[in-house]
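Trainee: Could you look at this predicted model? Sequence included:
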Amino acid sequence: MSPRARRGRVATTRRPPARRRSRRPSKRRQRADDRLIGLLVAAALAIALVVTVVNWLLAHWWILIVIGALAALAGGGWLYQKQQRARWEAVRTQGLRYGISQLDALHHSRFEDVVRDLMRRDGCRDAVRVGGGGDLGADVKATDPYGRRWVIQCKHRCNGLAGSAVGSPDLQVLNGTARQVHGADIAVIVTNGRVTAPAVAFAKQQRLHVVDRHTLGVWASGSRPLWELLRAVPPPRKPTALS
């Protein structure tokens, strides 16, 4: 075989050059594209949801008025409670105090207000005056920081010790309603006047507490809470930072 034919045969047996393979996108780029697609889908769904809700609200516009009214009531109630808490916290920090002669000069309804304020001074934030017609023996109700429920009946005497004494019938009314009707843990009668000996004996027998003129004077003119001045008060109902 001639050299020329040999070269032609070799040329025909050579393999064609390999084609370059097209580069596939990297995994990182693929993940980035997937995230972008997911975000676009989520954004489209969110926009569609917002448009649907807006259209529904526009068709039911009265619901917006109801929601607005409820929000206004809730906001007003929250603001009122905040103002009340601030008011009574200020009263407490000022160390509310009364002399016994000041208490003697009060009207009976104002006397009930003072008892309520003194309970709030001592940390009973929910103390409220409920005295009046049909009060069923409760003039002031309060919950102390230890979780105990107080029901207080007030007996104000304009003439102090010279006025009529608090007797057993007054204690019997308190005893009949304080626990059964008002759910009291501690039932108290407070007076700036005198208390008869039979009434004191009845109170001890029925686990009632009597705040007479002397105890009232100590409580109102000092800063000690009432439960520190009374004997044999029930133990706390719940543990607190004060217990």
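Mentor: Yes, it's here. No experiment lies behind these values; they were computed from the predicted model shown.
Trainee: So Arg237 versus Gly183, what's the distance?
Mentor: Counting by CB to CB, to the nearest Å, the separation of Arg237 from Gly183 is 12 Å. From N, CA and C alone the C-beta is placed, and that goes for glycine too.
Trainee: Who has more neighbours out of the two?
Mentor: With neighbours defined as other CB atoms under 10 Å, Arg237 and Gly183 compare such that Arg237 has more, 14 against 10.
Trainee: Got phi/psi on the residue nearest to the more buried one when sequence neighbours are not counted?
Mentor: The shortest distance from Arg237 to any non-neighbouring residue, by CB to CB, 6 or more residues apart in numbering, is to Gly147 (3.6 Å). Phi and psi for Gly147, reported as degrees, to the nearest 10, are phi 90, psi 10.
Trainee: And for the one 3 residues further on?
Mentor: Backbone dihedrals for Trp150, given as degrees, to the nearest 10, come out at phi -110, psi 140.
Trainee: Who does it form a beta bridge with?
Mentor: Ala142, Ile186 (DSSP bridges).
Trainee: quick one: which helix or strand includes the residue nearest the centre of the chain?
Mentor: In the chain, the centroid-proximal residue (CA atoms, centre = their mean) is Gln81; its distance is 9.2 Å. Using DSSP states H and E, Gln81 sits within helix 61-93.
Trainee: what's the average pLDDT for that helix?
Mentor: Regarding helix 61-93, the rounded mean pLDDT is 79.
Trainee: Name the residues of the helix or strand that it is followed by that are buried.
Mentor: On the C-terminal side of helix 61-93, the closest following helix or strand by DSSP H and E is helix 100-104. For helix 100-104, the neighbour count (16 or more other CB atoms under 10 Å) marks 103-104 as buried.
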